[in-house]
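In: structure of the sequence below:
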Amino acid sequence: MLHQPNLDFSFAGLKTAVLTQCKKSADQLPQHRADIAASTQAAIVEVLVKKALRALTQTGSNRLVVAGGVGANRALRTQLTTSVQRMGATVHFPDAEWCTDNGAMIAMAAGMRFQQGIEQARTSYAFDVLPRWPLAQI
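Out: Residues are numbered from 1 along each chain as shown. Below you'll find the predicted structure:
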């Protein structure tokens with residue numbers, strides 16, 4: 001992913017590789033599993049930092065906003081802050097307590113809609129998917 005000129009990234013393959021390694025090393029020392037976790041974090045942080053810097057360069061923006069659960073990761077915060085400052089830009093993070101999982105945020109929005117009577121509970125679990133769902137409609 002680091003050598004592709006686009007801004008895309010996916011860690012599905014990495015997650016599968018890590019799971020495979022963990023299963024293979026289930027009976028090894030806890031340090032081995034800790035090493036796998038640290039290496040995984042380092043790889044993910046490296047990709048996110050490089051893609052974020054590339055996004056700033058490609059857009060000409062001098063500000064980066066990090067949101068979601070990943071924003072709580074200390075290694076990502078440190079490396080992004082250092083790298084973005086080096087290029088003369090600014091990175092903004094919410095306080096760690098507000099860096100929550102996106103799924104939890106969506107569940108909260110759904111609960112609020114239900115409480116306000118905007119939506120009714122359904123047993124079909126079916127709904128229309130809109131890839132660019134306007135926030136005003138949520």
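
In: poorly predicted segments of this protein, please.
Out: 121-122, 125-129, 135, 137-138 (pLDDT under 70).

In: top helix in this structure by residue count?
Out: Counting by DSSP state H, the longest helix found in the chain is helix 30-59.

In: tell me the secondary structure for the most far-flung residue of the chain relative to its centre?
Out: Note on the chain: the largest C-alpha distance from the chain mean falls to G117, namely 31.3 Å (Cα atoms, centre = their mean). Here G117 is recorded as coil under DSSP: H, G, I helix; E, B strand; the rest coil.

In: quick one, phi psi at it?
Out: phi 80, psi 10 (degrees, to the nearest 10).

In: about what we covered before: which element follows the longest helix of the chain toward the C-terminus?
Out: Of the helices and strands lying after helix 30-59 in sequence (DSSP states H and E), the nearest is strand 63-65.

In: helix or strand right after that following strand?
Out: helix 74-86.

In: so for the protein, the centremost residue is which one?
Out: Short answer for the chain (Cα atoms, centre = their mean): V70, at 4.4 Å.

In: mind listing what it touches?
Out: Taking Cβ atoms under 8 Å, 6 or more residues apart in numbering as the criterion, V70 is in contact with 48, 76, 99. Just so you know, the C-beta spots here come from the backbone N, C-alpha and C atoms, and that holds for glycine as well.

In: 10 Å - rerun?
Out: By Cβ atoms under 10 Å, 6 or more residues apart in numbering, the contact set of V70 is 44-45, 48, 76-77, 99, 101-102.

In: which among those count as buried?
Out: 44-45, 48, 76-77, 99 (16 or more other Cβ atoms under 10 Å).

In: is it true that G88 touches N62?
Out: Yes. Applying Cβ atoms under 10 Å, one finds G88 in contact with N62, separated by 6.7 Å.

In: mutual contacts of those two, please.
Out: L56.

In: pick out whichever of those two has more residues nearby.
Out: N62 (11 against 8; other Cβ atoms under 10 Å).

In: what sits against the more buried one?
Out: Contacts of N62 (Cβ under 10 Å, 6+ apart): 56, 84, 87-90.
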